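**Q** what's the 3D shape of this:
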Amino acid sequence: MKKIFIQQLIAEAKIDSNVIVRGWVRTKRSSKNVTFINLNDGTTIHNIQCVVEGGQIDETILAKINTGACLEIQGKLIASQGAQSVEVAVQSVNILGEADPEKYPIQPKKHSFEFLREKAHLRPRTNTFGAILRIRHALAFAIHKYFNDNGFYYLHTPIITGSDAEGAGEMFRVTTLDAQNPPKTEEGKVDYAQDFFGKETNLTVSGQLEGELGALALSKIYTFGPTFRAENSNTSRHLAEFWMIEPEVAFNDLQDNMDLAEDFLKYLIRYALENCKDDLEFLDKRFAEEEKQKPTQERSEFGLLDKLRFCIENNFQRMTYTDAIEVLKNAKKKFQFPVDWGTDLQSEHERYLVEKHFKKPVILTDYPEHIKAFYMKLSEDGKTVRAMDVLFPGIGEIIGGSQREENYDKLKKRAHQFGIEEESIWWYLETRQFGTCPHAGFGLGFERLVLFVTGMTNIRDVIPFPRYPKSAEF
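**A** As a prediction, the model looks like this:
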């Protein structure tokens, strides 16, 4: 008999073939003469129905088959009389692992996402989270494929760093010093010279600065790795540990950067639509059901699949931050957060531009220099920087990037304004002295992308084991 995964079994549908399938029981229902077992092995959103005729399997074995149990079933693949196309006529059952129905928490009923976050070790067995994780895999593969096919080199940037790329200061410290009694300097401060690296180090908030070093030698690089923010935020859009994709390209300007970002996002969404059809159709139905529960005025104008197609079928609207402020100030909608030139846009402002005003994805450029990072290229007006943010429906900002400041004196001055010590980024500044050139790049938060593609509303539900304030389980 051939051992086969359920996705392949359904796709090939070789009627009358003898097969061995393994997986976890989703449901079991019995009548007088027959028992139906729905089995899923995680390779597809679809279960395979396994039919046990009366007397075929010992009743003591059948009694131990409950939701959550892991089985190995031998049988013959036959055409189904029900909704599914094929099913397995069971010949024998081997229980690989039992699941006590009094203790197993993922029963065949509706569970809240809050409850499932507490059961993150088991939630991938549900339809929703199985679909999310398969889509997450497909998007990760598509990211590497896109960059490889377009001549980029994958650069591994450090996770432990002595610099703060954003100048935000909200970083997780890395140390081997005694937490209760650390060595002190004569001034009474912690003596990091005695630490493992001989200096104060942290978990990275971005691989961008090191990515720029790679681009100024290899021309086209990208990073894809974990990043960390010690921001005490409990919103549905923030995590303390997440993954970032950061391409960096030598000789690119802001226009090139926008073109790359738009092409990249459209490629990823198109890849998901073409390769995750079953999972997206399932999530589209779930999305529609969720929307029905909301007040009419809060419902999305799009279904999930409509929203994804909307993004690949429209050219992204491009406009300056200054022009966007005028649009928002003239809007008839009353915003929770007032808007004026110089203020950082909130999600409600970004979504209004995308969903109500332009009704297409938007790229905003040329932000005030004081609300953006030190490494962004100063514009000729001296007030704005060559920054860009890509805004999507339902989520707001999904990409942030810029043309980088390649002038040594200007970059040094900007770092000083942001309180960044020159000694901590000497190597970064030095690239502006030895063969500097225009270059640009951006960052895409991977979980933001998965959130958008799956139609989920909380970022904690699109990463297997979310890290956020007061939560580091599993």
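**Q** drop to CA atoms for contacts and neighbour counts, all remaining ones
**A** Fine.
**Q** Quick one: residues contacting the most centrally placed residue in the chain.
**A** When the chain is reduced to its mean C-alpha position, the closest residue under C-alpha atoms, centre = their mean turns out to be residue 447, at 1.7 Å. Residue 447 sits next to 242, 243, 459, 462, 463 when contact means C-alpha atoms under 8 Å, 6 or more residues apart in numbering.
**Q** Tell me how far it lies from residue 241.
**A** Look at residue 447 and residue 241: by C-alpha to C-alpha, to the nearest Å, they are 10 Å apart.
**Q** Provide the secondary structure category for the residue in the chain sticking out farthest from the centre.
**A** The centre of the chain is farthest from one residue, residue 55, which by C-alpha atoms, centre = their mean lies 48.6 Å away. Put simply, residue 55 is coil when judged by DSSP: H, G, I helix; E, B strand; the rest coil.
**Q** before we move on, what about residue 419?
**A** coil.
**Q** Just give me the neighbour total for it.
**A** Neighbours of residue 419 under the rule other C-alpha atoms under 10 Å: 11.
**Q** Give me the distance between it and residue 372.
**A** From residue 419 to residue 372 the distance is 14 Å (C-alpha to C-alpha).
**Q** which residues sit against stretch 392-403?
**A** Counting by C-alpha under 8 Å, 6+ apart, 252-254, 257, 261, 300, 307, 311, 347-348, 350-351, 354-355, 360-362, 376-377, 386-391, 438-445, 448-449, 452 sit against stretch 392-403.
**Q** right, I mislabeled it, should have said stretch 107-125
**A** Under C-alpha under 8 Å, 6+ apart, the answer for stretch 107-125 is 26-27, 42, 67-68, 106, 129-130, 133, 460-461, 464-465, 474.
**Q** quick revisit: filter the contacts of stretch 392-403 down to the ones in helices?
**A** Within the contacts of stretch 392-403, residues falling in helices by DSSP state H are 254, 257, 261, 307, 311, 347, 348, 350, 351, 448, 449, 452.
**Q** Give the pairing partners of the helix or strand bottoming out on mean pLDDT in the chain; include direction for each.
**A** The helix or strand of the chain with the poorest confidence is strand 2-3; it has a mean of 84 (mean pLDDT, DSSP states H and E). Neighbouring strands of strand 2-3 in its sheet, by DSSP bridges, are strand 18-30 (parallel).
**Q** pLDDT of the partner strand, averaged?
**A** Averaging pLDDT along strand 18-30 yields 96.
**Q** and the next helix or strand after it, which residues are buried?
**A** Once the chain leaves strand 18-30, the next helix or strand it forms, by DSSP states H and E, is strand 34-40. Within strand 34-40, the residues scored as buried using 16 or more other C-alpha atoms under 10 Å are 35, 36, 37, 38, 39, 40.
**Q** hmm, back to that, which of the ones in helices among the contacts of stretch 392-403 ranks first by neighbour count?
**A** The residue in the ones in helices among the contacts of stretch 392-403 with the most neighbours, by other C-alpha under 10 Å, is residue 350 (25 neighbours).
**Q** Show me the shaky parts of this structure.
**A** Low-confidence segments of the chain (pLDDT under 70): 164-169.
**Q** For it, which segments are assigned as helices?
**A** Counting by DSSP H, the helices of the chain are 6-12, 59-63, 113-117, 127-149, 208-218, 254-275, 277-292, 304-313, 321-329, 347-351, 408-417, 426-430, 446-454.
**Q** Would you mind putting these into a markdown table with distance to residue 366 alongside?
**A** Converted to a markdown table, the helices of the chain look like this (distance: least, C-alpha to C-alpha, whole Å):
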| stretch | distance to residue 366 |
| --- | --- |
| helix 6-12 | 48 |
| helix 59-63 | 67 |
| helix 113-117 | 39 |
| helix 127-149 | 26 |
| helix 208-218 | 20 |
| helix 254-275 | 10 |
| helix 277-292 | 35 |
| helix 304-313 | 23 |
| helix 321-329 | 6 |
| helix 347-351 | 15 |
| helix 408-417 | 16 |
| helix 426-430 | 23 |
| helix 446-454 | 23 |
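**Q** from these, which stretch is densest packed?
**A** Highest mean neighbour count among the helices of the chain (mean count of other C-alpha atoms under 10 Å): helix 446-454, with a mean of 23.
**Q** can you state the direction angle for that one and helix 277-292?
**A** 80 degrees (axes from the mean of the first three to the mean of the last three C-alpha atoms, to 10 degrees).
**Q** re the thing from before, grab the two from the buried residues of strand 34-40 that are most spread out in space.
**A** Between any two of those, the greatest separation by C-alpha to C-alpha is 16.4 Å, found for 35 and 40.
**Q** ok now do residue 1, which residues does it touch?
**A** Counting by C-alpha under 8 Å, 6+ apart, residue 1 makes contact with 18, 19, 20, 74.
**Q** Looking at those, which is nearest residue 203?
**A** Nearest member of these to residue 203, counting by C-alpha to C-alpha, is residue 20, at 46.2 Å.
**Q** Against residue 157, how distant is that closest one?
**A** Counting by C-alpha to C-alpha, the separation of residue 20 from residue 157 is 44 Å.
**Q** What of residue 319?
**A** For residue 319, the distance to residue 157 - C-alpha to C-alpha - is 32 Å.
**Q** Comparing these two, which residue is more hemmed in?
**A** Just comparing residue 319 and residue 157: by other C-alpha under 10 Å the higher neighbour count belongs to residue 157, 20 against 14.
**Q** Let me see the backbone angles for the more buried one.
**A** Note on residue 157: backbone dihedrals following degrees, to the nearest 10 are phi -100, psi 160.
**Q** Which residue, other than its chain neighbours, is closest to it?
**A** Sequence neighbours aside, residue 207 is the residue nearest to residue 157 in space, at 5.5 Å (criterion: C-alpha to C-alpha, 6 or more residues apart in numbering).
**Q** and the one you found, what does it touch?
**A** For residue 207, the contact set (C-alpha under 8 Å, 6+ apart) comprises 157, 158, 159, 165, 223, 227, 246.
**Q** okay, those residues in JSON lines with distance to residue 202 next?
**A** Formatted as JSON lines, the contacts of residue 207 follow (distance: C-alpha to C-alpha, whole Å):
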{"residue": "157", "distance to residue 202": "14"}
{"residue": "158", "distance to residue 202": "10"}
{"residue": "159", "distance to residue 202": "8"}
{"residue": "165", "distance to residue 202": "11"}
{"residue": "223", "distance to residue 202": "19"}
{"residue": "227", "distance to residue 202": "11"}
{"residue": "246", "distance to residue 202": "19"}
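**Q** Narrow those to those in strands?
**A** Residues of the contacts of residue 207 located in strands (DSSP state E): 223, 227, 246.
**Q** Please convert the residues you listed to a markdown table, extending it with neighbour count and distance to residue 88.
**A** As requested, the ones in strands among the contacts of residue 207 are exported to a markdown table (neighbours: other C-alpha atoms under 10 Å; distance: C-alpha to C-alpha, whole Å):
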| residue | neighbour count | distance to residue 88 |
| --- | --- | --- |
| 223 | 25 | 45 |
| 227 | 22 | 45 |
| 246 | 24 | 47 |
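**Q** Which single one of these is nearest to residue 191?
**A** residue 227 (26.2 Å).
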